[in-house]
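> Kindly return the folded structure for what I paste below:
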Amino acid sequence: MDESKDEFLGQFGADYGYPDAPRGIDEMRASDFKRLEGTVYLDHAGATLYSEPQMVDVIKDLTSNVYGNPHSQSDSSMAASDLVTAARHEVLKYFNASPRDYKCIFTSGATAALKLVGECFPWSRESCYMYTMENHNSVLGIREYALSKGATVLAVDIDEDGDLESNHGSPSLFKISTHSNQRRGEDVLSHNCQNGSLSAISGNNWNLFAFPSECNFSGQKFNLNLVKLIKEGKVAGFPSQQQGQWMVLLDAAKGCATEPPNLDLYPADFVVCSFYKIFGYPTGLGALIVKNEAAGLLNKAYFSGGTVAVSIADIDFVKKRKSVEQVLEDGTISFLSIASLRHGFKIIGMLTTSAISRHTASLATYVRKKMLDMKHRNKKKVCIIYGHQASKVADLKMSPTITFNLKREDGTWFGYREVEKLASLSGFHLRTGCFCNPGACAKYLGLSHSDLVSNFEAGHVCWDDNDVIKGKPTGSVRISFGYMSTYEDAAGFLKFLQSSFVSKPITFICFYQCSSYEILIADNQSQQVVPDVRLKTITIYPVKSCQGFSAQIWPLAIGGLKYDREWLLQGSGGEILTQKKVPELGSIRTLINLELGKLFIESPKRKDKLEISLLENLTHLTAEVDVYGQRYEVESYDDNVNTWFSEAIGRHCTFMRCSSSKNRSCSRAVKNGRLCRDTRSKLSFVNEGQLLLIAEESVSDLNSRLSSSNNGNGKQRVIVDAMRFRPNIVISGSTPYNEDNWRRLHIGDAYFTSMGGCNRCQMINLQQNSGQVIKSKEPLATLASYRREKGKILFGVLLNYEDGLDGEGEIVAERWLQVGQEVHPSTTATPEKMLGDR
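This next block holds a predicted model:
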């Protein structure tokens, strides 16, 4: 056992690993979660994992018994009904809710339960819907029902003095701070909510207060004593009981996995949960636990199968059932999923929720403290953690969730998408963004209303890659521990942070044999004279994401290499098909014969070879498509061609050819004198630059690093060649990564502008082997360790061909590239030449 684990167990050994359970954490993890070998799963706040024995029990149950639709009296229906009844009691028991006081309504999840409350609550113009800023969008969405009925909506912050353990519900320790009122209709403000404060409310209306037991953004736990205090109106800034009836909605979706609210002590009117958050399976099933008195207030207009005692089809006559569950559960409930609940609860019962809470809190507390101790070489902090005031919360009362952002040593932010991509490469599963909690996100990240609006206007929406805008993070990174998480998961994550984001003292290591020659710099510092740098290979990829072919000599066109990425495949839903989505594309071979004017295409799944004429006019089949934000006019082909490709890749698709694209134009210079990527050029179906250049020496250096990283670890040695990166041109005779500094180069009589480094993705980790696609973490993981810049992993450079057009836009004479030609790079460039005025 290493010293770090000894230190951890010395502090948390009494709480970590279920010492009182039949099996310890290591045995449970090894036998019940074999699929996690080599993987660290840290998104239990999003969805925890089901165990393998749990699923064995579910399958055995469903294959050994016959369960019918419970809306009947047959034996199979009665068997299902009995299971549903037992499951309702199991859910109420989990929340320590007496069946005399509460009912369990099954829904499709916590969101559906919240929607049900919002839809059926007795809103009026006198009502007020109040919720804490730290709430999920599904809770915020209830306000649409309230506002549509003329009610007032109010977001609040709750300030609490003291900690969760010592505060047993003293009203003086809580204070509500209100935000601006929200109201629709003729009156901007309700008479019962004016100037940010609440005045008298008539005694007959119903109001609703909503808060989470645990914030899904930060993991901040709310004091559940609020339930009674709010119902009694005893919180500063809150109306008293005689000013109207207040009901409390508790969102327990996040908190119930490790600390389900005790409804005997904290009698909320409505509590919602999703079961996959507790034990992983089933998904698509949740519950509304509702107090009997509150259930009587819910008025559901819609009726469906199972909710009515009698209805007449051609007149307005319907009588609903008296059972609360039957009235509120539309149609046939998911009875097979409900039958599976007992197998999940069996695991929780064996471990106990208190032990799960202590186990996960011990891991989170340990990791949180280690993260706060991380510092760059200049002593600046690396990790900014949100939501917890360690001085106010005892270690084992901490949430199992840690939400954070990372800073570089210069004080700028690592974007959360950069963290997520690197984590994925290293086998870590975590979550990034705002987690559907806009209030908490804005609060902790310091985003004002104007920031949020301007970010949206700049194109930022949920789940996109815009992780830092105007120097501010737009979201964060979240890790969360579950009942099967281990110390090794925690330690592995800390090691990942340390190696990937913490700056280290500068050391100089040469992974390649340095060249014996010197680089001679011309007097004007513009021309690099590098002995015998030559063009080694030329590769054309006619069909996007399919195999290319090599040529000794090839013509250039205004879009780069002639016919390169001029065709693509579009899926049945309009999506562009690539190897990342359809690995089978990598087995399709292509070849162009210029003399015959034909494109030949072969597939191991088709005996016949497809022949496409390069000169055939298909303008009567033109259309427009969007490819990564660029609009193209395309020509499509007949059904015979589309059928060939559909059979070759095993899915329906359409074969298309680029007939024209909008010329991108931009003459502004950016950093280091390099032109922006949208310099005046015609693009075929390439993502950015027209050509990709790879240097053999850079590949050799990468292989040296791959070999070094694999030495002694028992892993098979990974060797890559230049073609793994799908380059158009490969050069030899330079030094590793010298191409990064080139701004312009000419090969033969053709001139090219460098558009900067090529941002690599996981596609370079895919390798075709005997018709099978093999996916690994390399070489991208190694590249990420030393070729990362502002969130991008760069390898190779993108080029645009300058000589396609003269200064007046006229097409100039066709030029050719030929293997063996000398390559003449320069580190600076004359802007006029870069714009292609030759």
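> switch to C-alpha atoms for all contacts and neighbour counts from now on
OK.
> What are the contacting residues of stretch 757-775?
579-580, 583-584, 586-587, 692, 724-725, 740, 776-780, 792-798 (CA atoms under 8 Å, 6 or more residues apart in numbering).
> again, 6 Å this time
725, 776, 778, 792-798 (CA atoms under 6 Å, 6 or more residues apart in numbering).
> Distance to residue 206 added to those residues, as TSV?
As requested, these are exported to TSV (distance: CA to CA, whole Å):
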residue	distance to residue 206
725	64
776	58
778	60
792	53
793	56
794	59
795	62
796	65
797	65
798	64
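> Out of these, flag the one nearest to residue 458.
Closest approach between these and residue 458, by CA to CA: residue 792, at 20.4 Å.
> That closest one: what's it in contact with?
Neighbour list for residue 792: residue 759 [criterion: CA under 6 Å, 6+ apart].
> 186 is where my numbering starts, stick with that
With 186 as the first residue, the last one maps to residue 977.
> roughly how far apart are it and residue 451?
Separation of residue 977 from residue 451 (CA to CA, to the nearest Å) stands at 49 Å.
> How about residue 613?
For residue 613, the distance to residue 451 - CA to CA - is 37 Å.
> Those two - which one has more neighbours?
The neighbour count for residue 613 versus residue 451, taken as other CA atoms under 10 Å, is higher for residue 613 (22 against 17).
> What's the separation between the more buried one and residue 544?
Between residue 613 and residue 544 the computed distance is 20 Å (CA to CA).
> and what of residue 408?
In this structure, residue 408 and residue 544 are 21 Å apart, going by CA to CA.
> With residue 603 instead?
Taking CA to CA as the measure, residue 603 falls 30 Å from residue 544.
> So these two - more neighbours on which side?
For residue 603 versus residue 544, neighbours defined as other CA under 10 Å are more numerous around residue 544 (29 against 19).
> Now name the helix or strand holding residue 298.
Using DSSP states H and E, residue 298 sits in helix 295-305.
> what do you get for residue 967?
Using DSSP H and E, residue 967 sits within helix 965-971.
> Direction included, what does the helix or strand following that helix pair against?
Per DSSP H and E, the first helix or strand lying C-terminal to helix 965-971 is strand 973-974. Looking at strand 973-974 with DSSP bridges, its partner strands are strand 977-986 (antiparallel).
> Would you mind checking which helix or strand in this structure has the lowest mean pLDDT?
When the helices and strands of the chain are scored by mean pLDDT, DSSP states H and E, strand 705-706 comes last with a mean of 34.
> Not counting sequence-adjacent ones, nearest residue to residue 331?
Spatial nearest neighbour of residue 331, excluding adjacent residues (CA to CA, 6 or more residues apart in numbering): residue 308 at 6.0 Å.
> With residue 942 instead?
In this structure, residue 942 finds its nearest non-sequential neighbour in residue 982, 4.3 Å apart by CA to CA, 6+ apart.
> So, low pLDDT: which residues of the stretch 386-535 of the chain?
Residues of the stretch 386-535 of the chain meeting the criterion pLDDT under 70: 386-388, 421-428.
> Against residue 591, how distant is the nearest residue to residue 235 once chain neighbours are set aside?
On the basis of CA to CA, 6+ apart, the spatially nearest residue to residue 235 that is not a chain neighbour turns out to be residue 465, at 4.2 Å. As for residue 465, its distance to residue 591 is 30 Å (criterion: CA to CA).
> more neighbours, those two?
residue 591 (24 against 17).
> Can you verify that one is assigned to a strand?
Yes: Residue 591 sits within a strand when classified using DSSP: H, G, I helix; E, B strand; the rest coil.
> follow-up on the earlier one: the residue nearest to residue 235 touches residue 236, doesn't it?
No: checked against CA atoms under 6 Å, the pair residue 465 and residue 236 is beyond contact range at 7.9 Å.
> Strands of the stretch 436-585 of the chain, start to end?
With DSSP state E, counting those that start in this stretch as the criterion, the stretch 436-585 of the chain has strands at 455-459, 471-476, 493-497, 502-505, 568-571.
> what angle separates the longest one from strand 455-459?
If you take axes from the mean of the first three to the mean of the last three CA atoms, to 10 degrees, strand 471-476 sits at 160 degrees to strand 455-459.
> Which elements pack onto strand 471-476?
Helices and strands touching strand 471-476, by 3 or more CA pairs under 6 Å, 6 or more residues apart in numbering; DSSP states H and E, are strand 287-292, strand 455-459.
> so what pLDDT did the closest residue to residue 600 other than its chain neighbours get?
Leaving aside its chain neighbours, residue 600 sits nearest to residue 652 (5.1 Å; criterion: CA to CA, 6+ apart). In this model, residue 652 is scored at 89, pLDDT.
> separation between residue 652 and residue 942?
For residue 652, the distance to residue 942 equals 20 Å [CA to CA].
> And for residue 884?
Shown here: residue 884 relative to residue 942, a distance of 14 Å by CA to CA.
> just residue 831 next, same as before
Look at residue 831 and residue 942: by CA to CA, they are 34 Å apart.
> Not counting its own residues, what contacts the helix holding residue 967?
For helix 965-971, using CA under 6 Å, 6+ apart, the contacting residues are 610, 978.
> tell me which residues in it are buried?
For helix 965-971, burial by neighbour count (16 or more other CA atoms under 10 Å) applies to 965-969.
> before we move on, what about stretch 628-648?
For stretch 628-648, a neighbour-count test (16+ other CA under 10 Å) marks 629-630, 632, 636, 640, 645 as buried.
> and if you look at stretch 535-547?
Buried residues in stretch 535-547, defined by neighbour count with 16+ other CA under 10 Å: 536-538, 540-547.
> from those residues, which ones fall inside helices?
536, 538, 540-547 (DSSP state H).
> Need the winner for burial among the strands of the stretch 436-585 of the chain.
Most buried of the strands of the stretch 436-585 of the chain by mean neighbour count (mean count of other CA atoms under 10 Å) is strand 455-459; its value is a mean of 28.
> Please identify which of the helices and strands packed on strand 471-476 is closest to residue 517.
Closest approach to residue 517 among the helices and strands packed on strand 471-476 (CA to CA): strand 287-292, 10.6 Å.
> got the angle for the closest one vs strand 471-476?
Going by the same axes, to 10 degrees, strand 287-292 makes 150 degrees with strand 471-476.
> helices or strands next to strand 287-292 in the packing?
Looks like strand 287-292 contacts strand 471-476 (3+ CA pairs under 6 Å, 6+ apart).
> and the strand it packs on, how far out from the chain's middle?
29 Å (CA atoms, centre = their mean, to the nearest Å).
> what residues does that strand touch?
Counting by CA under 6 Å, 6+ apart, 286-295, 298, 454-460 sit against strand 471-476.
> all strands of the stretch 836-985 of the chain, in order?
838-846, 876-880, 914-917, 929-932, 935-944, 951-954, 957-960, 973-974, 977-986.
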